[in-house]
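A.B. asks: here you go, sequence then predicted model.
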Amino acid sequence: MTSQRGFSLVEALIALLVLSLGLVGVAAMQLKALQSASAGYQRSVVTLAAVDAQERLWAALAQLPSGDSCEDISVDNAITLQGSEGSQGWNSYWFEEESLLPTRNFEGAIYDQNSERYNLDSCEFLIEVSFGSEASDTPEETFTYTFRLPDNY
């Protein structure tokens, strides 16, 4: 009887199969991590857009004449409020095709107490931003941000 040395072909093929299954698992895990990072990035950008809209409404409140309240804020004027000469309004800055921001496929709107879609109290505002994947033109997720401004500033 002679002693054998080394591996047989079957043992080598089984080892290769086990190794390839492990590499497929690592690749799937990496893909899921990239998708999660992209989704987190999109949510961060949407949050920035919502906070920008809130700051524009605060600025509109500050520009109201003395004695007026937050109920006198025109949402249409607030979202197109110009911060400085040549700057864009909220919708054009965040959501138009010419925008350099990563929100070109997103849609946004601001609602107030006059909204027919939402039942909001006076001085309460709701910012809604719909967003999806870059490969799709249809929004997949909607982010809503509700806040209330003080009655008098």
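C.D. replies: Received it, and whenever you're ready, just let me know what you need.
A.B. asks: for the residue nearest to the spatial centre of the chain, what are its contacts?
C.D. replies: Geometric centre of the chain, nearest residue: residue 46, 2.9 Å, by C-alpha atoms, centre = their mean. By C-beta atoms under 8 Å, 6 or more residues apart in numbering, the residues touching residue 46 are 103, 106, 129, 131, 143. C-beta: built from backbone N, CA, C; applies to glycine.
A.B. asks: between these, which sits nearest residue 62?
C.D. replies: Residue 62 has its nearest neighbour among the contacts of residue 46 in residue 129, at 23.8 Å by C-beta to C-beta.
A.B. asks: hang on, the earlier thing: now do the residue nearest to the centre of the chain, the pLDDT please.
C.D. replies: Here, the pLDDT recorded for residue 46 equals 88.
A.B. asks: any idea which element it lies in?
C.D. replies: In this structure, residue 46 sits in helix 9-62 according to DSSP states H and E.
A.B. asks: check for me that residue 130 belongs to a strand.
C.D. replies: Yes: counting by DSSP: H, G, I helix; E, B strand; the rest coil, residue 130 is part of a strand.
A.B. asks: measure how buried residue 48 is and give me the count.
C.D. replies: Residues lying near residue 48 (other C-beta atoms under 10 Å) number 13.
A.B. asks: next one: residue 45
C.D. replies: 17.
A.B. asks: that one and residue 101 touch, don't they?
C.D. replies: Yes: Residue 45 is within contact range of residue 101, at 7.1 Å (criterion: C-beta atoms under 8 Å).
A.B. asks: lowest-confidence helix or strand of this protein?
C.D. replies: None of the helices or strands of the chain scores lower by mean pLDDT, DSSP states H and E than helix 75-79, at a mean of 71.
A.B. asks: and the residue nearest to the centre of the chain, how far from residue 107?
C.D. replies: Going from residue 46 to residue 107 by C-beta to C-beta, to the nearest Å gives 11 Å.
A.B. asks: what is in contact with these two at once?
C.D. replies: Shared contacts of residue 46 and residue 107 (C-beta under 8 Å, 6+ apart): 129, 131.
A.B. asks: any figure for the gap between the residue lying closest to residue 140 once chain neighbours are set aside and residue 46?
C.D. replies: Of all residues not flanking residue 140 in the chain, residue 132 sits nearest, at 3.6 Å (C-beta to C-beta, 6 or more residues apart in numbering). Separation of residue 132 from residue 46 (C-beta to C-beta) stands at 11 Å.
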